[in-house]
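Engineer: Okay, predicted coordinates and the sequence, questions at the end:
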Amino acid sequence: MVVQPSGRVVRDRRGLEVIVERRIPLPADEVWSWLTAPSKVRKWISGARPNIVEPGDRVELVGSDWTATLSIAALDSGTIVYAKERADGSRAAAEAGPRWEHSLDRLSAAISGAKAPALEPYLATQRPYYERLAMDGDPVSWPPS
């Protein structure tokens with residue numbers, strides 16, 4: 001099974017950042033509760049604890065060996081969730097990208113009541129994509145010359 005990656009790896013002055021987003025067909029306040037209520041967070045990501053950075057806007061999820069910032073943007077037709085994680089290099093990006101693709105798909109599944117996808121297909125098919133993005137850089141992130 002091939003799971004198509006959709007995220008980006010941007011390079012800025014601080015290094016690499018993996019960014020993955022998903023559109024959720026719910027109002028922002030409902031999506032926010034799925035990102036911040038520990039009982040709901042446990043349904044879509046294991047081993048993470050939420051730390052609210054800016055109420056209603058950004059939450060930091062802390063795992064055993066990673067920290068990511070999730071933010072939301074309200075749309076007329078739902079909400080976009082952005083997951084951002086700093087990566088120390090291409091190998092770290094190759095782990096973070098598939099993890100967030102998988103986690104946000106698990107979030108969508110938990111919200112809709114669907115079966116959660118397995119992690120292995122994400123790792124197998126998406127690691128090379130994210131590693132390559134991290135090595136080449138995402139041209140969208142480069143400042144204009």
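Structural biologist: Received the coordinates, thanks.
Engineer: alpha carbons only for contacts and neighbour counts from here, please
Structural biologist: Noted.
Engineer: Report the buried residues of the helix or strand encompassing Ile111.
Structural biologist: Per DSSP states H and E: Ile111 is located in helix 90-112. Using 16 or more other C-alpha atoms under 10 Å as the test for burial, helix 90-112 gives 90-111.
Engineer: who's in contact with it?
Structural biologist: Helix 90-112 is contacted by residues 5-7, 9, 16-22, 24, 34, 43-45, 83, 85, 87, 115-119, 122-123, 126-135 when judged by C-alpha atoms under 8 Å, 6 or more residues apart in numbering.
Engineer: how much space between Val41 and Arg106?
Structural biologist: The spacing between Val41 and Arg106, counted by C-alpha to C-alpha, to the nearest Å, is 10 Å.
Engineer: Return every residue with contacts to both of those two.
Structural biologist: With C-alpha under 8 Å, 6+ apart as the test, Val41 and Arg106 reach no residue in common.
Engineer: so what strands line up beside the helix or strand bottoming out on mean pLDDT in the chain?
Structural biologist: Ranked by mean pLDDT, DSSP states H and E, the weakest helix or strand in the chain is strand 49-54, scoring a mean of 88. Using DSSP bridges, the strands paired with strand 49-54 are strand 58-62 (antiparallel).
Engineer: Quick one: residues contacting the residue nearest the centre of the chain.
Structural biologist: Nearest residue to the geometric centre of the chain (C-alpha atoms, centre = their mean): Ala83, 3.2 Å. Residues in contact with Ala83 (C-alpha under 8 Å, 6+ apart) are 18-21, 68-71, 100.
Engineer: What separation is there between it and Val20?
Structural biologist: From Ala83 to Val20 the distance is 5 Å (C-alpha to C-alpha).
Engineer: In space, what's closest to the residue nearest to the centre of the chain - neighbours in sequence excluded?
Structural biologist: Counting by C-alpha to C-alpha, 6 or more residues apart in numbering, the nearest residue to Ala83 once its immediate chain neighbours are dropped is Leu70, at 4.5 Å.
Engineer: pLDDT on the helix or strand that contains that neighbour, on average?
Structural biologist: Per DSSP H and E, Leu70 falls inside strand 67-75. For strand 67-75, mean pLDDT rounds to 95.
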